[in-house]
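Undergrad: Need a 3D model of the sequence below.
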Amino acid sequence: MDVVGQILSIIGMALTIVSFQMKTRKQIIVMQTAGSVFFLLSYLLLESWSAVYLNVVFLIRNIVFYFGKEKKWSQHKAWLAGLLCAVVIAGSIGFRSWLDVLPIIGSVFGTIAMYMKSENMLRLFKLGDSPCWLIYNCTVPSTGGIICEIFNIISIVVGLIRYKKDGLFTKA
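TA: Down below sits the predicted model:
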């Protein structure tokens, strides 16, 4: 099961890294959602329960925030507050040690990122997400997760540079 878990995390890694090179917010969220599915399955096989529960919340979060620009209901700040609470609760359920706080902190950044309407603000907030998950993945260990977060940071920076003309702090 460990080998299958590692393979699934590598697939999740590829999808997540590529997501930051997408031009539109919707494209980023679709790729992030696909990556979350593979990471959820990977963490399930690795019996890393905090990460399993958090990835379930990520799937819900991404579906809600996918409609952020078109649907009034998904723009409501109650979704952000509710999903931030869900992240804290989900991350706490499988709590084993202080290291399990890191995915919660990272997930708060990631949830705020997905709420952003600007693609570059989304990328910027995801920079707060990756270091927390990187340290956590080193403790699991999740090979795909570790490599993913290193390359996520690189991909986010490249995406910010590539799309800087869109204005970093617009449409927040």
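Undergrad: so how far is Arg123 from the residue nearest the centre of the chain?
TA: Centroid-nearest residue in the chain, with CA atoms, centre = their mean: Gly110, separated by 5.1 Å. Distance from Gly110 to Arg123, counting by CB to CB, to the nearest Å: 11 Å. Placement of C-beta: from N, CA and C, glycine included.
Undergrad: I'd guessed Cys148 sits against Ser9; true?
TA: Yes - using CB atoms under 8 Å, Cys148 is in contact with Ser9, at 7.3 Å.
Undergrad: Is Arg61 in contact with Leu83, as I believe?
TA: Yes - in this structure, Arg61 is within contact of Leu83 by CB under 8 Å, at 4.9 Å.
Undergrad: The two: which has the busier surroundings?
TA: Arg61 (28 against 23; other CB atoms under 10 Å).
Undergrad: The chain: strands as residue ranges?
TA: For the chain, no strands are identified by DSSP state E.
Undergrad: Give the other helices and strands that the helix or strand of it with the lowest mean pLDDT contacts.
TA: Across the helices and strands of the chain, mean confidence by mean pLDDT, DSSP states H and E is lowest for helix 72-75: a mean of 75. In terms of contacts (3 or more CB pairs under 8 Å, 6 or more residues apart in numbering; DSSP states H and E), helix 72-75 is packed against helix 49-66.
Undergrad: Low-confidence stretches in the chain?
TA: In the predicted model of the chain, residues 69, 94, 165-172 satisfy pLDDT under 70.
Undergrad: What separation do you get for Gln6 and Ala81?
TA: In terms of CB to CB, Gln6 sits 36 Å off from Ala81.
Undergrad: I appreciate the help and will end here.
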